[in-house]
Structures are given as C-alpha cells and as structure tokens.
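Colleague: mind folding the following:
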Amino acid sequence: MPDPILLFLTGTAAAVAALAVFAARTYLLLLDVSGGSMTPTYQDGDRLLAVRAPSRLVRRGTVIALRLETARPERPDAGPSAPDHRPTPTCMIKRVAALGGERPPPDAVPDHPASMGVVPPRHVFVVGDNRTSSWDSRHTGPVPLTRLTGIVLFRVRSAGRTGPGRR
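Modeller: Numbering: from 1, shown residues only. As a prediction, this is how the structure comes out:
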C-alpha cells in the first residue's frame, strides 16, 4: 500500500504545478520583436516577456505591447509570400512618451511640437526608440489604453547579439 504522506505530497506538487502553469498562461506573454523600431533597446528577432497588467500601472518610459487594429504599413511585404515568411504582427511594442492629460515631449513630435495637444484621458502617446523607422503615435495619434496587451518585463532571448547582455 502506498504511503499516504507520499501520495499527499505528490498530489500537492501536481496541483501547485498546474496552478503555476495556469497563472503563467493567464498573466504572462511571450512576444517576438519584428522590425527595427525599438532598436537599440530591442532587436528584430528578440523574444520578450510581458505581463498582462491593468492600464493604471503604465508609466512614462515604460515599454508596452499594444494590440494592432490594422496591419502596420512599415511591413507591406508581411503577407504569406514575404521573403522571411513571418506573419503580420498582431501587436506593436513601443515606449510610452506621454500619458493621458500630458503633452508629448517636444523630441517625440519634432516636426510640429506645438500642434500636438494634450493626450486624451485613457490614452497614451507611444514612440519607438528608433524614431527614423518607427510607426507610432507621431503618425497615428494617441493610442487608447483599451488596446494594452502587456507591459514588457525583460528580454528572454536575444537575436544574434554577442558580448555582455546576451541571454
């Protein structure tokens, strides 16, 4: 007859493992960087870990993932016949430059800083770290926080980097 304590511990360990898997799948996201809009912070092909979090935790300077409503125009080759065969992204990864009720900083709107008003409530103004190749709020305007997918925590896997910082 099996030891009841051993059976209890095995069952408890299995329940804890199942709960941990459920929590990870519910609250954590793995995101693949596609494109160079967040260079040098994140490179094309990097894999990021993000957490699904309420929008009240978003702060200026935070890197977030936002659900796309349409395919972004910077990758017109992203269809099935694309040379790299990657699917069209479903979210964009950008840095928050301004929150609702704030004005975007002048360096985020270099062409017409005075023309950009205050970001509406429950919206964010986001920009890519590589401003020359980023499709962001400078082109689309502030983004509603209802499109928030997650807050990026860190890079899980680096795409082809060498030296310190490679994971």
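
Colleague: list the residues that contact the residue nearest to Lys94 when sequence neighbours are not counted.
Modeller: Residue nearest to Lys94 in three dimensions, not counting chain neighbours: Val126, with 3.7 Å by Cβ to Cβ, 6 or more residues apart in numbering. C-beta here means a position set from N, CA and C on the backbone, and glycine is covered the same way. Neighbour list for Val126: Ile64, Leu66, Met92, Lys94, Arg95, Val96, Ala97, Asp136, Ser137, Val143 [criterion: Cβ atoms under 8 Å, 6 or more residues apart in numbering].

Colleague: sketch out the low-pLDDT regions of the protein for me.
Modeller: Residues of the chain that meet the criterion pLDDT under 70 lie in 1, 22-25, 70-89, 110-115, 160-167.

Colleague: can you give me the strands for it?
Modeller: Using DSSP state E, the strands of the chain run over 28-32, 47-51, 63-67, 91-99, 123-127, 143-144, 148-157.

Colleague: possible to save the ones you listed as a markdown table with distance to Thr41?
Modeller: Converted to a markdown table, the strands of the chain look like this (distance: least, Cβ to Cβ, whole Å):
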| stretch | distance to Thr41 |
| --- | --- |
| strand 28-32 | 13 |
| strand 47-51 | 10 |
| strand 63-67 | 7 |
| strand 91-99 | 8 |
| strand 123-127 | 12 |
| strand 143-144 | 19 |
| strand 148-157 | 9 |
